[in-house]
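**Q** how would this look folded up:
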Amino acid sequence: MKNDYLTIKKTGSNELEIKKSRFICNIARIDSEEDATKFINEVKADNKKATHNCYAYVIGQDDHVQRASDNGEPSGTAGVPILDAIKMIGIHNTVAVVTRYFGGIKLGAGGLIRAYSNATTKAIEKAGVIKKVLQTEIKLSINYALFDQLNYHLKENNVNIIDTQYTDKVTIIISIDNNEVDEFKQKVINLLNDNVTMVNGNEKYFEIDFNPYEDIKKD
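**A** Got it, this is the predicted structure:
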């Protein structure tokens, strides 16, 4: 079943220094284990002198693929904390690699867990989170005289306007959450006294900015 889901907005990185050790988290959006492996290998190649390159990734809207690696750190102190940080935010199709350059001071198991977790969380925060929303495209065609009225209605209701085309009529292409299509179309019909032609297009995922630190408990 297709559902809305969260993922990171863009590839990014963030660095923390903890007791002279550097923890650099690189994070990316992925669609497959091949994508994850390629990204992990690229980070490793860029950090050949690092003490550790630990990682975790999740794939699928239900996280049916989950992998984690401590890469030489004590068992359970790196890969799992990275994985838990990804899952705590609720993002999917994401890989995170945390590179550690040892600074000479041991952190202990608890310190390592916090370091790898915080490095990942900060990188996610810096990269940003988006919601992938499954919506249906709808093409609306109207006379010019009705354009201002319809355009105002769309903007007041925060409807995603994809394109506006001006020919003998005005054609506005929008997208609506699948479960709101029928209600939306009826409201437009009522608003314009049925002086509108609407044609459904394809279903596709659209990206909407999302703040997990404010909204995740509501989702």
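**Q** Run through the strands of the chain in chain order.
**A** 5-8, 12-18, 21-29, 52-59, 65-69, 94-101, 129-142, 160-166, 170-177, 197-210 (DSSP state E).
**Q** how about those strands, which one is nearest residue 122?
**A** Across the strands of the chain, residue 122 has its closest neighbour in strand 12-18 (4.6 Å, Cβ to Cβ). Where you see a C-beta, it was placed from the backbone N, CA and C, and this is true even at glycine.
**Q** Show me how the protein divides into domains.
**A** 5-127, 133-208 (automatic domain parsing).
**Q** mind putting the ones you listed in CSV, mean pLDDT and mean neighbour count included?
**A** Rendered in CSV, the data for those read as follows (pLDDT from 0 to 100; neighbours: other Cβ atoms under 10 Å):
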stretch, mean pLDDT, mean neighbour count
domain 5-127, 96, 19
domain 133-208, 94, 14
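**Q** Got phi/psi on residue 60?
**A** The main-chain torsion angles of residue 60 are listed as degrees, to the nearest 10 and equal phi 100, psi 150.
**Q** does it really touch residue 66, like I thought?
**A** No: using Cβ atoms under 8 Å as the test, residue 60 is too far from residue 66 to be in contact (9.1 Å).
**Q** mind saving the C-alpha coords of stretch 165-185 as CSV?
**A** Output for stretch 165-185, consisting of C-alpha atoms alone and laid out as CSV, is shown next (Å, rounded to 0.1, in the frame of the first residue of the first chain):
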residue,chain,number,x,y,z
GLN,A,165,-1.5,28.0,-18.6
TYR,A,166,-3.1,30.8,-20.6
THR,A,167,-4.7,30.0,-23.9
ASP,A,168,-8.4,30.6,-25.0
LYS,A,169,-9.1,29.6,-21.4
VAL,A,170,-7.1,29.4,-18.2
THR,A,171,-5.9,26.0,-17.2
ILE,A,172,-4.6,25.4,-13.7
ILE,A,173,-2.8,22.2,-12.8
ILE,A,174,-2.9,21.4,-9.1
SER,A,175,-2.4,18.4,-6.9
ILE,A,176,-4.6,17.2,-4.0
ASP,A,177,-4.2,14.5,-1.4
ASN,A,178,-5.9,11.4,-2.7
ASN,A,179,-8.4,11.2,0.1
GLU,A,180,-9.5,14.8,-0.5
VAL,A,181,-10.0,14.7,-4.3
ASP,A,182,-13.8,14.2,-4.3
GLU,A,183,-14.4,16.8,-1.6
PHE,A,184,-12.1,19.3,-3.4
LYS,A,185,-13.8,18.9,-6.7
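**Q** Nothing else from me, thank you.
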